[in-house]
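quick one, fold the following:
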Amino acid sequence: MKTLLTLLTLSVTVFVAEANTVRGKVVSVVDGNTLEVVSTDKETYRIVLMGIDCPEFGQPYADEARRFLEQIVLQKSVNVKLMGKDRWGNYLGEITTRDINAELVKRGLAWCTEKDASEELKNLEQRARNQRAGLWQEEEPTPPWVYRRQQTMLAPKGL
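Predicted coordinates:
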């Protein structure tokens, strides 16, 4: 009986893990940390890579981050572990077929996010800073979350 209960528990755990994973092909790279995946069941998912944030369009290294992501995932099959949604309805996720977050951070093409970053990513960011890789060549690079706030404050206010 105990063995049966253990097997049932494992089966449910595997099913839940599978339910939160999207398998599909990357059809578009929006920016350095956002991509679109068409799943095997033909649904389109806009996915923001969780734990990192790349420069926004208009910031130094934004194009480099987007091009790098395109080179390694565009038109390729990926597995993405979904971890919720952001306030705009985009899925937050992690590509499990390759550690893309680490590659972007290591090359100085992404910051670790303030709250969702792993210790590994934080260490890679510190190493990239020390080596002055990518965006860390700038004297004081502006984090994308600060840049977005600044852009919002500059936008004309509606009546």
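
per-residue confidence at F15?
For F15, the pLDDT comes out at 36.

ugh, wrong one, I meant T9
42.

again, but for G158
67.

what residues of stretch 50-61 count as buried?
Within stretch 50-61, the residues that count as buried by 16 or more other Cβ atoms under 10 Å are 50-56, 59, 61. For the C-beta atoms, the positions are set from N, CA and C on the backbone; glycine is no exception.

M83 versus K106, what's the distance?
For K106, the distance to M83 equals 22 Å [Cβ to Cβ, to the nearest Å].

so for the two, which sits in the more crowded spot?
Neighbour count, other Cβ atoms under 10 Å: between K106 and M83, K106 has more, with 18 against 15.

report the separation between that one and G134.
In terms of Cβ to Cβ, K106 sits 9 Å off from G134.

any shared contact partners between these two?
Listed as contacting both K106 and G134 by Cβ atoms under 8 Å, 6 or more residues apart in numbering are A128.

ok, then the element right after the lengthiest strand in the chain?
The longest strand of the chain (DSSP state E) is strand 21-31. Under the assignment DSSP states H and E, the closest C-terminal helix or strand after strand 21-31 is strand 34-39.
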